[in-house]
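**Student:** Turn this into a structure:
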Amino acid sequence: MPVVGLDDTDSRERGMCTTYVAARIGERLDDAGFEVRRQLLVRCNPAVEHKTRGNAALALHVEAGETNEDRAVAADACFEIARETIADLAATTGGDANPGLVVADADPAELPDDVAAFTETAVRGHHELGDAVALADEHGFEHVGWGTGRGRIGALAAIGAWSSPFDDWTYEQIAYRERSRWGTEREVDVESVFDAAAQSQPAVWDTVDRSTGTAVCVPRTPCPVLFGIRGDDRDQIADVAGAIESEPVDRVATFITNQGTDAHLRDADLHEIEDDHAYCIDGTVATTPETREGGHVFLTIEAGDGDGAGTSDSQGESVPCVAFEPTKQFRDRVRALRSGDVVTVCGEVSDGTMKLEKFAIRDLVRTELTTPICPDCDRTMESAGADQGYRCRDCRTDAPGKMERPIDRSLEEGWYEVPPVARRHVAKPLVRGGFDGPIHPEL
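**Tutor:** The predicted model follows:
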């Protein structure tokens, strides 16, 4: 079963979309008598320096003959069809695309361990182009690049995805525009999108953002995509897509994908984090959240659970965190945190700061220390001197120290997330479930 991998055919300036190129390759393979069994859309590490617009790589699993000779001939034919299609469609002229194509004559579920490991690192870490070229050559995979050819990194990662440790897969059905309409304003009836979305949750998610009234499924770039519907149930996403009223749809493709899975996140202690990776980290709020210029909200998380517990290697470590203005009401959840709250924070680390995607409250500070009140006159007591407690100047009553009083908290224990309009493709929406605590989803 040949596996066709491709990446980096789109351009930030000129548009195009690698999913569209993959869909067209699939059509041409079908026309040539091959059967494409599945199409994979693999989101790689969103923090890498040379990421494409959505950092998505694509793979097509193609049925071939039963003999080794049949499969080898099929792999060569798939390579030529894919190469010609990429050359025809990729945004290489006047754009910033650097496409890569890799074709493996192998079972996608039984690829070598080092290829599967390459995929895991591509989703959670970094690769250089030389890593991909050397590994492809070692296993005899055909490959070619255009421009710098960096797309071979994502192409090889997509090839190894079905054999990788990742086992959480979702679906996206993408509707594409007629070519004559590319670059023009999309004609999509937003009310029909909201109506369709209302009937589908939680199996279909991130179609709309109710807080902003945005149809999240409709892109704003000059690419061929009209809209994309994501979810856990293939039939339900097809139903939602079919209920949307829009301009004519030119073609449709459905992808199996790691979108909405948190595949990019790795559990880590504070002393282990480094830039351009994404993590889930346990810690304690160390500073009062601060809103800075632009509406961004900052706070600091330190190691431990508030009682000094934590790994010895991370003691004394801390990381600044930020909820950026586009995360909208999520910033209010961050502002409501207090020093001493025990949390788990998740997000990408860049320039030493974590960009928050979601967080979980493990333990809330419920009381605060305050100057005692005189029980006789209800006036606030005053300090009686160093280490001498407090005394009421009028009634002469005293107290040994500050008293605890309960705090009204707007937050509850559990998980909070950015709204759909600000969510990364690969980030897992809370409505998908499987989290280790109560959830407070943004819809």
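**Student:** Any regions of the chain where pLDDT drops low?
**Tutor:** When residues are selected by pLDDT under 70, those of the chain lie in 12-13, 50-54, 65-70, 94-95, 306-312.
**Student:** Can you check which helix is longest in it?
**Tutor:** helix 68-89 (DSSP state H).
**Student:** Next SSE downstream of that helix?
**Tutor:** Counting by DSSP states H and E, the element after helix 68-89 in chain order, helix or strand, is strand 100-105.
**Student:** outside of that next one, which residues touch it?
**Tutor:** 2-8, 71-72, 74-75, 78-79, 82-83, 86, 111, 115, 132, 136, 139-146, 149-156, 159 (CB atoms under 8 Å, 6 or more residues apart in numbering). All C-beta spots, glycine's among them, are computed from the backbone N, C-alpha and C.
**Student:** And those, which of them are buried?
**Tutor:** Buried members of these, counted by 16 or more other CB atoms under 10 Å: 2-8, 71, 74-75, 78-79, 82-83, 86, 111, 115, 132, 136, 139, 141-146, 149-156, 159.
**Student:** Now do the helices in the stretch 301-443 of the chain.
**Tutor:** 330-335 (DSSP state H, counting those that start in this stretch).
**Student:** and the longest helix of the chain, what other elements does it pack with?
**Tutor:** If you count contacts as 3 or more CB pairs under 8 Å, 6 or more residues apart in numbering; DSSP states H and E, helix 68-89 packs onto strand 2-7, helix 18-31, strand 56-63, strand 100-105, strand 142-145.
**Student:** Straight-line length of stretch 377-394, end to end?
**Tutor:** With CA to CA, to the nearest Å as the measure, stretch 377-394 spans 8 Å from end to end.
**Student:** Could you pull out the buried residues of it?
**Tutor:** 381, 390, 391, 392.
**Student:** what residues does that stretch touch?
**Tutor:** 371, 372, 373, 374, 376, 395, 397, 398, 399, 400, 401, 402.
**Student:** Can you tell me the closest non-neighbouring residue to the fourth one?
**Tutor:** Right, residue 374. By the measure of CB to CB, 6 or more residues apart in numbering, the closest residue to residue 374 outside its immediate chain neighbours is residue 392, 3.8 Å from it.
**Student:** same thing with residue 369?
**Tutor:** residue 402 (4.2 Å).
**Student:** The one you found reaches residue 367, doesn't it?
**Tutor:** No. The criterion here is CB atoms under 8 Å, and residue 402 misses it with residue 367 at 10.9 Å.
**Student:** and these two? which has more neighbours close in?
**Tutor:** Per other CB atoms under 10 Å, whichever of residue 402 and residue 367 has more neighbours is residue 402, with 14 against 10.
**Student:** Dihedrals phi and psi, that one?
**Tutor:** Per-residue torsions, residue 402: phi -70, psi 160 (degrees, to the nearest 10).
**Student:** burial count for residue 183?
**Tutor:** 12.
**Student:** That one: what secondary structure?
**Tutor:** Counting by DSSP: H, G, I helix; E, B strand; the rest coil, the backbone at residue 183 sits in coil.
**Student:** Any idea how many residues pack against residue 287?
**Tutor:** Burial of residue 287 is recorded as 16 neighbouring residues (other CB under 10 Å).
**Student:** chain center to stretch 392-400, what's the gap?
**Tutor:** In terms of CA atoms, centre = their mean, to the nearest Å, the centre of stretch 392-400 is set 58 Å apart from its chain centre.
**Student:** from now on call the first residue 31
**Tutor:** New numbering, starting at 31: the last item is stretch 422-430.
**Student:** circling back: mind listing what the residue nearest to residue 399 touches?
**Tutor:** Taking CB under 8 Å, 6+ apart, one finds 399, 400, 401, 402, 420 in contact with residue 432.
**Student:** Report the separation between the closest residue to the last one other than its chain neighbours and residue 460.
**Tutor:** Spelled out, it's residue 420. Nearest residue to residue 420 in three dimensions, chain neighbours excluded: residue 411, at 3.8 Å (CB to CB, 6+ apart). Distance from residue 411 to residue 460, counting by CB to CB, to the nearest Å: 46 Å.
**Student:** got it, and residue 216?
**Tutor:** 28 Å.
**Student:** swap in residue 416?
**Tutor:** 50 Å.
**Student:** What's the local residue count around residue 237?
**Tutor:** Using other CB under 10 Å, residue 237 has 27 other residues around it.
**Student:** which residues does it contact?
**Tutor:** Residue 237 neighbours (CB under 8 Å, 6+ apart): 223, 226, 227, 230, 245, 246, 247, 259, 260, 270, 450.
**Student:** So which of these belong to strands?
**Tutor:** The members of these that map onto strands under DSSP state E are 259, 260.
**Student:** tally of neighbours for the closest residue in space to residue 391 that isn't next to it in sequence?
**Tutor:** For residue 391, ignoring the flanking residues on the chain, the nearest one in space by CB to CB, 6+ apart is residue 443 at 4.9 Å. Neighbour count for residue 443, taken as other CB under 10 Å: 16.
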